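> need the 3D shape of this:
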Amino acid sequence: MLIRYLRDLNTGRTILWCYLIWYLVTLVKYFDPRPSLWVTSIGLSGVIGFALYISTTSGVGKKTKLDRWQVFRLFLMPFCVSSFSALVKDRGFILILSPQWQENALALGLICVFLLVVFSIKRFFPAPSATLPGRPAAL
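Numbering: from 1, shown residues only. Alright, predicted model coming up:
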């Protein structure tokens, strides 16, 4: 099941996984147990996630249907952004880059490993090709 998931990852979702890896490296390094940080991040996630949900589902004419993972991501992203900002505040970060090269190298290295795994699975476990009814599959 994991192999099938990684094999079928499109470019956009692969990039989102890379963002998550970067966030998790920062989270582990700079974790802050203060409840106020996490409650604020959850609150912002709710407010902004709901606004994103409204903006993506209500269009002109008909309502767009989102799957549960799309909705989850609409709420997860503001949570990650707000908590990331709080965790790195006054620590010398430039955008998302740590002032310590080792942290950037670790995050980039983990992303490269992830991309290598995805690429390898796509290469060595290709998706079964669809065949037209009445036509044999190519050998």
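> and the residue nearest to residue 63 when sequence neighbours are not counted, what's its pLDDT?
Using Cβ to Cβ, 6 or more residues apart in numbering and skipping the chain neighbours, the partner closest in space to residue 63 is residue 57 (5.6 Å). Any C-beta I mention is one placed from the backbone N, CA and C, and that applies to glycine too. With respect to pLDDT, residue 57 has a value of 90.
> ditto for the one 5 residues further on
With respect to pLDDT, residue 62 scores 76.
> can you start the count at 27 instead of 1 from here on
Will do, 27 is the new start, and the previous item becomes residue 88.
> which residues does the most centrally placed residue in the chain contact?
Central residue check for the chain by Cα atoms, centre = their mean: the C-alpha nearest the mean position is that of residue 42, 3.0 Å away. By Cβ atoms under 8 Å, 6 or more residues apart in numbering, the residues touching residue 42 are residue 99.
> got phi/psi on it?
phi -60, psi -40 (degrees, to the nearest 10).
> look up how far residue 98 lies from it.
11 Å (Cβ to Cβ, to the nearest Å).
> residue 45: neighbour count?
Residues near residue 45, counting by other Cβ atoms under 10 Å, number 15.
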